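*Asks:* Have a look; sequence and predicted model below, questions after that.
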Amino acid sequence: MTNLIMETKDFSFTYAGVDAPSLKKINLPIEKNRITAMIGPSGCGKSTLLRAMNRIHDLYPNNKYEGEINLYSNGKKENILDLKKENDLIRLRQDVGMIFQKPTPFPMSIYDNVAYGMRLAGVKNQSELDGRVEKALQDSAIWKETKDRLNTSALGMSGGQQQRLCIARAVALKPDIMLFDEPTSALDPISTGAIEELIAELKKDVSIVIVTHNMQQASRLSDYTAFMYLGDLIEYDKTDTIFMNPNEKLTEDYITGRFG
Amino acid sequence: MGGKLFKNFSFFSATLSFFILVGIFSILFSYAQDSLHEFGFDFLGSEVWEADEDDEELGVFGGYIPLVGTMLSTVIAMVIATPLAMGIAIFLTEIAHKTLIKPVSIAIELLAAIPSIIYGMWGLFYFAPIMQSAFGGNGVGLLTAGVVLAIMIIPFMAAITRDSMNTVPDVLKESAYAMGATKFEVIKDVIMPYSKGGIIGSIILALGRALGETMAVAFLIGSVMQIPNKVTDATTSIPVLLANNFSEAEGLEMSSMYYLALILFVVSFAIISIAKFYFLGKKVK
Ligand SMILES: Nc1ncnc2c1ncn2[C@@H]1O[C@H](COP(=O)(O)OP(=O)(O)O)[C@@H](O)[C@H]1O
Ligand SMILES: [Mg+2]
C-alpha cells in the first residue's frame, strides 16, 4: 500500500446488452507519479478499462461494473464505483483527466479551451484564470506557439498542437491521474515525439495511465506495463521485466510480435 | 454510354431550372412595370389599395399593409418556433430515452408532411376560438396566423436542427464530460456552437417558408386591408392578398400585384441564398 494512486480489485465490466463481460476480474495497481502502460491486441479491453477509471462509461445507460476501483486521493481511499450523484462524478472527472485518441478541441478559442474546465469548476477570478491558463500551456509545451494567438479558434491549430492543447486543458485542472487512450496514434512522428516528451515531463506532477498499441512507445515511456488479452490482465510488472523477461508465455509471444 | 446520357440529362435539368428561375423573375418584373413606373418605391410605404371608381384599369395601390402583415406574422412565428424547435432537437439528440426517439421523430416528420390547408382549417375551426377566448379579438388575426405558422414550421426546423446536432462527434461530447461538464454545459458549450451552421440554416429556411405560406395564413389572418394596432387585429399578407384578388383584378391593380409578387420573390430568394451559403460554408470547412 506504499505509493498507489489507484487500484482495481477483481474489477469486471459488462457492456449494456452484451452477455459476456469485456473485462474479467482485473487487479491492477496504478503507482503514484509513474507512467503505467496498457498494451495488448486490439479489442482486449484496454479502452474499456481506461474509461472505467473516470466512469465515462456512465454516459451510456445500463453498463455493469463489478468489483472495486479505489482512488487514493488526498490521503483517503474511495471506491469510485460507489459514486452515484452527478456532482460526485463531476468531481471524479476533475481528479481523473482523460485524453482521447483524436484531438478534441472545443469549438472556441485556445484560451477558452484551457480555461473551460476551471470555469466549470467555478474559478471566476480573471487573474487566477490567466495565470493558470499560462501555466498549463507552459507545462504542456505549447505556450510559445500559442501566447500570441490565445483568442483565435483552437480549430485552426495543427493536429499535434491540438493534442497538446487537450493535454493542457486537462493539466489546468491539476488532476491526480491522467488517462491517455492511444494519444499519438493519429499524429505524425514529430508530434508523437513531442507528446511523449511531454508525458514523461508530466509525471512529476501527476500519475499517468497510457493505452498504446505501439510497443516501442510503451517501453520508451512507461515505468510499469500491463499486458491484457481477451478481457484478462495477463501480466503486470516493471516495464523492463515485461519487455526483457516476462513471466508468461503469452506476454512473450505478444512482445516478440508472434501475434497481435 | 448510359453515363453520358445521364450526364447530359442532369445538365439539361440543371440548365432548365436556371432558365425557369430567370424566366419567372423576368415575367414578374415586366408585368410589374406599370405599377413600378406609377408608384416607384413609394409603393412600399403606401397604405392605400383602391381601384378607380370609373376606370377599373386605374387606381391607387400601395404594398405597405400586406408587407407589414407578412413581416409581423413571420416574426411572431419565428419567435415562437425557434426556441421550441431547438428544445425538441436537443431533447431528441441528448435527453430522450432510446425508445422514445423513434416515435417522436416519426411524429415530427409526419407533422411536417401535413398539407398547409389542413393547418388552415384546423386553425380556423378549432384554434381560432381558443385564441379568441384567451386573447380577445375576433379569433382570426396576426397572432392566430403567427401561432399556426409557428406550429407548421416547428417540425421542419426541429428536424434539420436535430440532424445537425447528430453530427457532433461522441468523442467531443465525451471530452467535455471528462472535464467535469454537466449535460446542460455540454449542450450549451459544445453541441450548440458545433451545430451553429445547421441551426442558422434551419432558421433561415423556416423563415423562407413562413414568408411564402398562403393557404393557412389566408384562413387565419383575416384578409382585411388594415394596419394592425394590436397583435389580435386582422390584417393581410402578400400571398393572401394575391390569392384573394387575382381573379378580379385588372390593369394597374394587376400590375401592382405583380409588384408585390416580385418583392416576395426577391426576399425569399435572398433568404434561401443566404441559407445555402451557410450550408455550403459549413461543408467546405
Ligand atoms: N460500446 C460497446 N458496446 C459493446 N461492446 C463493446 C463496446 N465497446 C467495446 N466493446 C467490446 O469490448 C471489447 C473491448 O474493447 P476495447 O476496450 O475498445 O478494446 P481495446 O481498446 O483494447 O482495443 C471488444 O470486444 C469490443 O468489441
Ligand atoms: Mg481502444
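*Replies:* Cool, the structure landed. Ligands and ions are numbered 1, 2, ... in the order given.
*Asks:* What residues does the stretch 1-150 of chain A have near chain B?
*Replies:* Counting by CB under 8 Å from any CB of the partner chain, the stretch 1-150 of chain A comes close to chain B at A:54, A:56, A:59, A:86, A:90-91, A:93-94, A:97-98, A:100-102, A:104, A:106-108, A:116-117, A:120-121. Yep, even glycine has a C-beta here, placed from its N, CA and C like the rest.
*Asks:* Of the residues you listed, keep whichever come out buried.
*Replies:* Taking 16 or more other CB atoms under 10 Å in any protein chain shown as the criterion, what is buried in the residues of the stretch 1-150 of chain A next to chain B is A:54, A:56, A:59, A:90, A:93-94, A:97-98, A:100-102, A:104, A:106-108, A:116-117, A:120.
*Asks:* Restricted to helices, list these.
*Replies:* Among these, the members found in helices (DSSP state H) are A:90, A:93-94, A:116-117, A:120.
*Asks:* Redo the residues you listed as JSON lines? Include pLDDT.
*Replies:* Formatted as JSON lines, those follow (pLDDT from 0 to 100):
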{"residue": "A:90", "pLDDT": "95"}
{"residue": "A:93", "pLDDT": "95"}
{"residue": "A:94", "pLDDT": "94"}
{"residue": "A:116", "pLDDT": "96"}
{"residue": "A:117", "pLDDT": "94"}
{"residue": "A:120", "pLDDT": "93"}
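*Asks:* between these, which is closest to ligand 1?
*Replies:* The closest of those to ligand 1 turns out to be residue A:93 (CB to the nearest ligand atom; 18.9 Å).
*Asks:* quick one, what contacts the closest one?
*Replies:* A:54-56, B:177-180 (CB atoms under 8 Å, 6 or more residues apart in numbering or on different chains).
*Asks:* go again using 6 Å as the cut-off
*Replies:* A:54, B:178, B:180 (CB atoms under 6 Å, 6 or more residues apart in numbering or on different chains).
*Asks:* Does the second one touch residue A:99 like I think?
*Replies:* No - contact between residue B:178 and residue A:99 fails when scored by CB atoms under 6 Å: they sit 8.6 Å apart.
*Asks:* and residue B:162, how many neighbours does it have?
*Replies:* Applying other CB atoms under 10 Å in any protein chain shown, we find 24 residues neighbouring residue B:162.
*Asks:* ditto for residue B:17
*Replies:* 10.
*Asks:* related to what we said a few turns ago, let me have the ones in helices among the buried ones among the residues of the stretch 1-150 of chain A next to chain B in CSV, extended by distance to ligand 1.
*Replies:* Shown next, in CSV, are those (distance: CB to the nearest ligand atom, whole Å):
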residue, distance to ligand 1
A:90, 22
A:93, 19
A:94, 24
A:116, 26
A:117, 25
A:120, 26
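*Asks:* between those, which is nearest residue A:33?
*Replies:* residue A:94 (18.8 Å; CB to CB).
*Asks:* pLDDT below threshold where in chain B?
*Replies:* Chain B contains residues with pLDDT under 70 at B:1, B:279-285.
*Asks:* where exactly do the helices run in it?
*Replies:* B:2-31, B:33-39, B:64-90, B:98-113, B:116-122, B:128-135, B:142-165, B:170-178, B:183-186, B:192-194, B:196-212, B:215-220, B:238-245, B:251-284.
*Asks:* The stretch 101-250 of chain A now?
*Replies:* A:110-120, A:126-139, A:143-146, A:159-171, A:189-202, A:215-221, A:239-244, A:249-255 (DSSP state H, counting those that start in this stretch).
*Asks:* Which residues does the fifth one contact?
*Replies:* Think helix A:189-202. For helix A:189-202, contacts defined as CB under 6 Å, 6+ apart pick out A:141, A:160, A:183-184, A:221.
*Asks:* so which of the residues you listed is the most crowded?
*Replies:* With neighbours defined as other CB under 10 Å, the most crowded of the contacts of helix A:189-202 is residue A:183; it has 27 neighbours.
*Asks:* I'm done for today, thanks for sticking with me.
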